[in-house]
Each structure stands twice: as C-alpha cells, then as structure tokens.
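Student: Need coordinates for the following:
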Amino acid sequence: MKRLLALTLVVLAPRAARAQHDMSKMEMSGPALPLGISWARLGGGTSWIPDASPMFMATKSAGAWQLMLHGAAFGQYDHQPTIHGDTQIGVIDWEMLMAARLTMGGVLRLSAMTSAQPLIIGNRGYPELLQTGGSDNNIRYVNRQHPHQLIGELSAAYDRSLTSNLATEIYAAAIGEPAIGPPSYMHRPSAFDDPFAPIGHHWQDATHETHGVVTAGVYSRRVKAEGSIFNARESNGDYLNIGYDGARLDSYSGRLTLAPNANVTMSAWAGYLFAHDPVDGPIGMQRYGVSLETATQRANGGWSSTGVVWGINVHHHGARVHNHEPGDSAAATYNLSSALLVESSFALTSRATVYGRIEEADKSADDLGFLGGDLTELFTVRAVSLGGAYDVVRVGSAAFALGARGTLNLLPESLRFVYSTTRPIGVAVYLRVRPRQR
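Tutor: Coordinates of the predicted model:
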C-alpha cells in the first residue's frame, strides 16, 4: 500500500513551477493583506493553501468592504451497496460569505458559512461506506457522513503587520476552525471537485465546525506559527442550532505551516481534545499530524493539485470500552489509530476536471458500530476513489457541471461477514453548481 501511495504521489503531484503562476489572475480588488500575502493562500479558518490555488468565487465591493462568496452545491444520486449501505437522492453543499476591509492599520475579515444539508438530507447525512465519526442521540454514524451544520462558521479575523517581515493574526469564532489539522477538505484545492468527505476525516480535519475557538498566530511570508484554545465537544445530532451546553475552552492545539514557494504548503500540528465524543463522556484525546498541499496553474485555465494528509489519534478508553480488569497495571488505557490520505485534482481545461483519492485508515470495532467483543480492536480499511466533472453551462458568475464518482473499498478478511464482501463499491452522479473560476 505504501508503494502504491508513493507512486500515486509521484505521478499526480504537480511540479513546483513558480513561473507558471500568474499572481495577477489570483488577486482581487480589495484590501491588501499584510506582507503582500495572496488572498488565494487563505484556506479554512487560519490555515494556508498554496498561492497558486485556483479561486472559485464571486466578488463585489460595498463601500469600504470587499465581499466574497465561495461554495458549492452537489445535487446527487448516491448508491452505496452491501447490507450496511444505502441509496439516497440528496444535496451536499456549503456556502461561505466573507467581508473584508482595512481597519486600524490592518485587515478585518468576517466570515459566515452555511449548509442546507440538515434541512434536506436530515441528521443521518449521506451514505458513504467505511465512513465513521460523530453521533446522533448517542448512536454512532457508521457507513454515513454526518451533515454539515446549518451554520458552519461565524468568525472574525484580524491581520496586522508588526514589522516589514512579520505580521500577527487574531481569530475568534462562535463556530469555526482551530489551528489543528490540514485545511478542511472543502478548502483544499486537491479536493475541490470531490463532494465526499475522506474516510479519515475524524483523524485529520473534523474540527472545522467547532463551537468556540480563539486562535493567535505570527507569520512571515513563508512561515506561520499559531496556537488555539477551543471547545472540542461535538454535536450529538443537532445540526440546526448553535449549542453551548457544557462548552468550555478546555482543548488546545498548535500548528506550524511553511509556504516555501507559490506552489507548496506544508503543515504539522499537535492538539489535545477534551470531551469531544458525547458517547464516551468527558475523556481526552491527543491528535497529531502532517500535511502537504501543492497547486499549479496553466495558461489554458487548467490547474492541478495534490494533497497528502496523515493524522493519528491517541484514544483514551472510556468506561464503555474499558476492556481490562481493575488494577491491571500492565493493560493499556489508550489505543493509537491513524489515517493516511493522498488525493489529486487535475483540471484538463477550465471546464473539465478529473480527481482521485487513495486512503488507508485504522478504525476500531467501536468506530465500526460493533456492540460486543473488544471494542478497541483495530481494522485497517482502504478506499480508492476516482471521479470527474465537466462544466456544461455557465450563467453569469455561476458554473453548472455534471459529474460522477466511484469508490472501490478494500476491507480485511476479518470484516467479510460484516459487509458480506471485502470489495464493496460505491458510486455517485451529481449536478454541481459553484462560482466560476477567477
């Protein structure tokens, strides 16, 4: 598997070619960010993506404010067979409005993100084989991805230069993204065209809708260091309301990001999440990881991007999964599990894109919904996905595309009787609408 992942990265990764990136196409008319940082570099929360990333947005000036609308909506037919699969006609979407202006010698950014998923497809989300993480009324999501929240971000960020080579950033969010993990998958150019969440989402970037975040950071043109305190408690099935019952800023994280040139960003992070799982109660978990994101643009409007993300969780055992005798000092009170992802998108032209993912994740019996036995037992599962989309109609600032996606899931023999196969396949076809590429 490691050789296959390495080969995929070599074949699909774009070359870091600064000369191919025309920054004039990426900048917008609006307030200049400190140190000449490109607007294209801003990912979800306070994360960075490559300057050469394509931008899909509509913009408008309103007095001193610059308004930017990002997002995408996928109306799809999703078919995930096997006895644990399902079929659904539904919508996967997210919309983000950002307003920016010069304020007190710096740049103020206000952001709001929404999704109609909880209204259209409900609390059960959409079918996706081997997907796990999150819960609904103390029942774990298994083989389904939970919906985005109706309000996925309400945040304010303020950037200001300290010297000619150093700037600072303060980020506060009622709902937002702390400095842990890679840029969330909706904001990674390597995943722009894939509507599905990675099966390693809850090892990598699942904190992107956190209820309560404060982040502070300092950065130069090439390096950014930041830290967050946040409330890690996840929703237990209520995706329509903003809830702070029991919320505390008692989790913390740090992240270091490098941007050596316009085509590459690299990040490493570490964090402690307390009481994140409503099913297990108030216990802690550590999360660590690294990521690499590349992007290159071409003169014909095409572009390419590859992302690599690895994350590891140190799960401490709650009373529900505690599987050893009291007083057994030799028994482990935690288990380690990790998830690795390689994904790429390749825009052949400004209209046609192909994309793919290769994933490997360690999922416990508890993650997979087992009700008995050793709930800490780990199973290594893999998935290979391929898809493509083509813009068929463009109206004003909007582009409408037809797309399709297929996934071959690779299960260990020990899960054959659970899924009645070790090679289940899932497919989806969709109509996507999003702003045109700038």
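Student: Going by C-alpha atoms from here, please, whenever you check contacts or count neighbours.
Tutor: Noted.
Student: the helices in the stretch 201-350 of the chain, which residues?
Tutor: Remark: helices of the stretch 201-350 of the chain, listed N- to C-terminal, are 201-204; assignment by DSSP state H, counting those that start in this stretch.
Student: So residue 171 is in contact with residue 212, correct?
Tutor: No. Proximity of residue 171 to residue 212 does not meet the contact threshold set by C-alpha atoms under 8 Å, at 10.9 Å.
Student: What's the local residue count around the closest residue to residue 215 other than its chain neighbours?
Tutor: For residue 215, the nearest residue in space outside its immediate sequence neighbours is residue 228; the separation is 4.2 Å by C-alpha to C-alpha, 6 or more residues apart in numbering. Counted by other C-alpha atoms under 10 Å, the residues lying close to residue 228 total 23.
Student: who does residue 228 bridge with?
Tutor: Each beta-bridge partner of residue 228 is listed here: residue 215, residue 253, as defined by DSSP bridges.
Student: What score does it have for pLDDT?
Tutor: Turning to residue 228, the model gives it a pLDDT of 98.
Student: Contact partners for it?
Tutor: Residues in contact with residue 228 (C-alpha atoms under 8 Å, 6 or more residues apart in numbering) are 178-179, 213-216, 252-254.
Student: For it, give its distance to residue 279.
Tutor: Look at residue 228 and residue 279: by C-alpha to C-alpha, to the nearest Å, they are 25 Å apart.
Student: Residue 127 too?
Tutor: Spatial separation of residue 127 from residue 279 under the definition C-alpha to C-alpha is 21 Å.
Student: After the helix or strand of the chain with the lowest mean pLDDT, which helix or strand is next?
Tutor: Across the helices and strands of the chain, mean confidence by mean pLDDT, DSSP states H and E is lowest for helix 23-26: a mean of 38. Downstream of helix 23-26, the first helix or strand assigned by DSSP states H and E is strand 58-62.
Student: which is the next helix or strand following that next one?
Tutor: Once the chain leaves strand 58-62, the following helix or strand, as judged by DSSP H and E, is strand 65-80.
Student: Based on its surroundings, how many neighbours for the residue nearest to residue 225 when sequence neighbours are not counted?
Tutor: Take residue 225 and drop its neighbours on the chain: the residue closest to it by C-alpha to C-alpha, 6+ apart is residue 256, 4.7 Å away. By other C-alpha under 10 Å, the residues close to residue 256 number 20.
Student: cool, residue 42 as well?
Tutor: Around residue 42 there are 17 other residues, counting by other C-alpha under 10 Å.
Student: What of residue 238?
Tutor: The number of residues packed near residue 238 is 17, by other C-alpha under 10 Å.
Student: I'd like the distance between it and residue 258.
Tutor: As judged by C-alpha to C-alpha, residue 238 and residue 258 stand 36 Å apart.
Student: Give me the nearest residue to residue 306, chain neighbours excluded.
Tutor: Nearest non-adjacent residue to residue 306, counting by C-alpha to C-alpha, 6+ apart: residue 344, 4.2 Å away.
Student: Next one, pLDDT for the one you found please.
Tutor: On the pLDDT scale, residue 344 gets 98.
Student: wait, it sits on residue 190?
Tutor: Yes. Contact status for residue 344 versus residue 190: in contact at 4.9 Å, counting by C-alpha under 8 Å.
Student: For the residue lying closest to residue 212 once chain neighbours are set aside, what is the enclosing helix or strand?
Tutor: The spatially closest residue to residue 212, leaving aside those adjacent along the chain, is residue 174, at 4.8 Å (C-alpha to C-alpha, 6+ apart). Under the criterion of DSSP H and E, residue 174 resides in strand 167-175.
Student: average pLDDT across that strand?
Tutor: In this model, strand 167-175 has a mean pLDDT of 98.
Student: before we move on, what about stretch 274-288?
Tutor: Stretch 274-288 carries an average pLDDT of 91.
Student: Tell me how far it lies from the chain's centre.
Tutor: From the chain centre to the centre of stretch 274-288 is a distance of 19 Å (C-alpha atoms, centre = their mean, to the nearest Å).
Student: ends of that stretch, how far apart?
Tutor: 14 Å.
Student: tell me the SS of residue 119?
Tutor: Following DSSP: H, G, I helix; E, B strand; the rest coil, residue 119 is assigned to helix.
Student: From residue 289, how far out is it?
Tutor: In this view, residue 119 and residue 289 are 33 Å apart by C-alpha to C-alpha.
Student: More neighbours: which of these two?
Tutor: Neighbour tally, residue 119 and residue 289, criterion other C-alpha under 10 Å: the higher count belongs to residue 289, 23 against 14.
Student: Contacts only, for that one.
Tutor: Under the criterion of C-alpha under 8 Å, 6+ apart, the neighbours of residue 289 are 181, 204, 268-270, 309-312.
Student: before we move on, the earlier item: residues that sit against both of residue 344 and residue 190, list them.
Tutor: Shared contacts of residue 344 and residue 190, defined by C-alpha under 8 Å, 6+ apart, comprise 304-307, 355.
Student: ranking those by neighbours, who comes first?
Tutor: For these, the largest number of neighbours (other C-alpha under 10 Å) sits with residue 305, at 30 neighbours.
Student: That one - nearest residue in space that isn't next to it in sequence?
Tutor: Nearest non-adjacent residue to residue 305 (C-alpha to C-alpha, 6+ apart): residue 295, at 4.2 Å.
Student: Could you report the pLDDT at the one you found?
Tutor: 98.
Student: thought it was touching residue 188?
Tutor: No. Taking C-alpha under 8 Å as the definition, residue 295 is not a contact partner of residue 188, at 9.8 Å.
Student: can you pull out the strands in the stretch 251-400 of the chain?
Tutor: Taking DSSP state E, counting those that start in this stretch as the test, the strands found in the stretch 251-400 of the chain are 251-261, 264-274, 284-297, 303-316, 334-347, 352-364, 378-395, 398-410.
Student: hmm, back to that, more neighbours, residue 295 and residue 188?
Tutor: In terms of neighbours (other C-alpha under 10 Å), residue 295 is the more surrounded of residue 295 and residue 188; the figures are 31 against 24.
Student: need the contact list for that one.
Tutor: Applying C-alpha under 8 Å, 6+ apart as the definition, the contact partners of residue 295 turn out to be 14, 16, 50-53, 189-190, 263-264, 303-306.
Student: Also residue 259?
Tutor: Taking C-alpha under 8 Å, 6+ apart as the definition of contact, the neighbours of residue 259 are 50, 221-223, 265-266.
Student: which among these gets closest to residue 399?
Tutor: residue 50 (23.3 Å; C-alpha to C-alpha).
Student: okay, now that closest one: neighbour count?
Tutor: 28.
Student: Dihedrals phi and psi, it?
Tutor: Recorded main-chain torsions at residue 50 are phi -60, psi 150, according to degrees, to the nearest 10.
Student: Let me see the confidence value for it.
Tutor: Here, the pLDDT recorded for residue 50 equals 98.
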